[in-house]
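Visitor: below is the sequence, then the predicted model.
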Number of protein chains: 2
Amino acid sequence: MTENLSTTTRDRLVTAVAELMRTHGYSAITVKQITTAARAPMGSLYHHFPGGKPQIAAEALRTSGAAYIQLIPLLMDPYDDLREAIPASFAAAAETIEQGGWLNMCPVGTVAGEIADSEPALREVAAEVISSWIEDGTTYFTQRGLPTTDARDLILAILGALEGAFILSRTLRSAEPLHAAGRTLSARVEALLTSNPSTSMR
Amino acid sequence: MTENLSTTTRDRLVTAVAELMRTHGYSAITVKQITTAARAPMGSLYHHFPGGKPQIAAEALRTSGAAYIQLIPLLMDPYDDLREAIPASFAAAAETIEQGGWLNMCPVGTVAGEIADSEPALREVAAEVISSWIEDGTTYFTQRGLPTTDARDLILAILGALEGAFILSRTLRSAEPLHAAGRTLSARVEALLTSNPSTSMR
């Protein structure tokens, strides 16, 4: 029973820091804000995370990152043709972020951009998360018929375009950058499929 | 003489906050760090910027933003064909950031991502800067022969891809995301030129 309660507090702490990082970034948030948001005593944070804010932030980036990459098959599997799947996925992201009042959808990219030069340990965690996205995305697009090199090139371009378009869209309060990114990636897929005529075009 | 000295202090303060925001983001930096970096007395910051940190940060975003967009003609004018100009520009950005030890090249995108949900006044300044980039880029690509709608679509995709690829490249300490972005944008230009056969392909 104590163990269950303890697990729940730990999960609430990680969720709270992930949510706070989405909207405030890394530096702005305090340990007090995290424990308040998690409805947990201050001591519980250091009990579960002796390394304090950097350690719990690292865990939140890993947890958010693992959830985030699952969106690729979820959004793209329904489309037989990648040339439709990709702009449709960017359009879905645009709709979600607009309906959410332009709130940041994932802390990984924004926190990485904020701390890449100033928090080396956290940067390494962000690099692990992004590297796992690249691996999973490469596997996915290989399964959809692209040669490995092209699949890796495509997921790198998608992740970069998505992270950048999220920043532009949130800042401008406009879905236009996400739609422009979707059209651009679609052109890239078209070019990759044309250069690999044996590809099944799935 | 006093006026000159005064102008110099003001400029040093703006440069200092721009540099600090590049490497530390917005929330992490303090007024004390800014005045120390600018070798200026604390009072000088509030003399020139009565609004304190938010006001000087806004001015630094505007100044950095105005310098940043000038890179587009600088990098692309030497190439007669946009299909070469764009990947060459991303390759140049990759070389510059790698040689600079992966330090952030411009605070606008990263600070915008950090504060878009938490600092409404600063978000509006970032939106002004990004909107001016979109206008200037649309004008540039129109002059290079694209219809206005396509020119706007292209600059939106370039800015998003660049901001996102910078985050990925800085985090991974690898130029690969910038090169992948350059290849993708090149495919988009190819598609735009093909759909506008009357375009001079400059």
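Guide: Yep, it's here. Numbering: from 1, shown residues only, chains lettered A, B, ... in the order given.

Visitor: switch to C-alpha atoms for all contacts and neighbour counts from now on
Guide: Noted.

Visitor: what's the burial count for A:Thr149?
Guide: 10 (other CA atoms under 10 Å in any protein chain shown).

Visitor: show the pLDDT at it.
Guide: On pLDDT, A:Thr149 comes in at 97.

Visitor: helices and strands of chain A: which one bottoms out on pLDDT?
Guide: In chain A, no helix or strand scores lower on mean pLDDT, DSSP states H and E than helix A:2-24, which sits at a mean of 85.

Visitor: is that one up against chain B anywhere?
Guide: Yes. Applying CA under 8 Å from any CA of the partner chain, one finds helix A:2-24 touching chain B at A:Thr23, A:His24.

Visitor: in the following helix or strand past that helix, what counts as buried?
Guide: Once the chain leaves helix A:2-24, the next helix or strand it forms, by DSSP states H and E, is helix A:31-37. Going by neighbour count (16 or more other CA atoms under 10 Å in any protein chain shown), the buried part of helix A:31-37 is A:Val31, A:Ile34, A:Thr35, A:Ala37.

Visitor: turn those residues into CSV, columns for pLDDT.
Guide: CSV is the format used below for the buried residues of helix A:31-37 (pLDDT from 0 to 100):
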residue, pLDDT
A:Val31, 96
A:Ile34, 97
A:Thr35, 97
A:Ala37, 97
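
Visitor: follow-up on the earlier one: list the contacts of the least confident helix or strand of chain A.
Guide: By CA atoms under 8 Å, 6 or more residues apart in numbering or on different chains, the residues outside helix A:2-24 that reach it are A:29, A:34-35, A:37-38, A:40, A:44-45, A:48, A:56-57, A:59-61, A:64, A:103-107, A:110-111, B:114-118.

Visitor: which stretches of chain A have low pLDDT?
Guide: A:1-7, A:197-202 (pLDDT under 70).

Visitor: what about the helices in it?
Guide: In chain A, the helices defined using DSSP state H lie at A:2-24, A:31-37, A:42-48, A:53-69, A:71-76, A:82-99, A:107-115, A:120-143, A:148-172, A:176-195.

Visitor: deepest in the core, which of the ones you listed is it.
Guide: A comparison of the helices of chain A by mean neighbour count, using mean count of other CA atoms under 10 Å in any protein chain shown, puts helix A:107-115 on top with a mean of 29.

Visitor: could you export it as CSV, CA atoms only?
Guide: Taking Å, rounded to 0.1, in the frame of the first residue of the first chain, the C-alpha atoms of helix A:107-115 are listed here in CSV:
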residue,chain,number,x,y,z
PRO,A,107,8.7,19.8,-23.8
VAL,A,108,11.5,17.9,-25.5
GLY,A,109,12.2,20.3,-28.4
THR,A,110,11.7,23.6,-26.5
VAL,A,111,13.6,22.5,-23.4
ALA,A,112,16.4,21.2,-25.6
GLY,A,113,16.6,24.5,-27.4
GLU,A,114,16.7,26.4,-24.1
ILE,A,115,19.4,24.3,-22.4
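
Visitor: how far out from the middle of the chain is that helix?
Guide: For helix A:107-115, the separation from the chain centroid amounts to 10 Å (computed by CA atoms, centre = their mean, to the nearest Å).

Visitor: ok, stretch A:160-175 next?
Guide: Distance, centroid of stretch A:160-175 to centroid of chain: 13 Å (CA atoms, centre = their mean).

Visitor: is chain B contacted by that stretch?
Guide: Yes. On the criterion CA under 8 Å from any CA, stretch A:160-175 is in touch with chain B at A:Gly160, A:Ala161, A:Leu162, A:Glu163, A:Gly164, A:Ala165, A:Ile167, A:Leu168, A:Arg170, A:Thr171, A:Leu172.

Visitor: which of these sits closest to B:Ala93?
Guide: A:Gly160 (14.5 Å; CA to CA).

Visitor: my guess is A:Phe90 contacts A:Ala175. True?
Guide: No. Counting by CA atoms under 8 Å, A:Phe90 stays clear of A:Ala175, with 9.6 Å between them.

Visitor: just to revisit the earlier point, export the helices of chain A as TSV, with columns for distance to B:Gly145.
Guide: Formatted as TSV, those follow (distance: least, CA to CA, whole Å):
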stretch	distance to B:Gly145
helix A:2-24	40
helix A:31-37	53
helix A:42-48	58
helix A:53-69	38
helix A:71-76	34
helix A:82-99	25
helix A:107-115	34
helix A:120-143	34
helix A:148-172	24
helix A:176-195	18
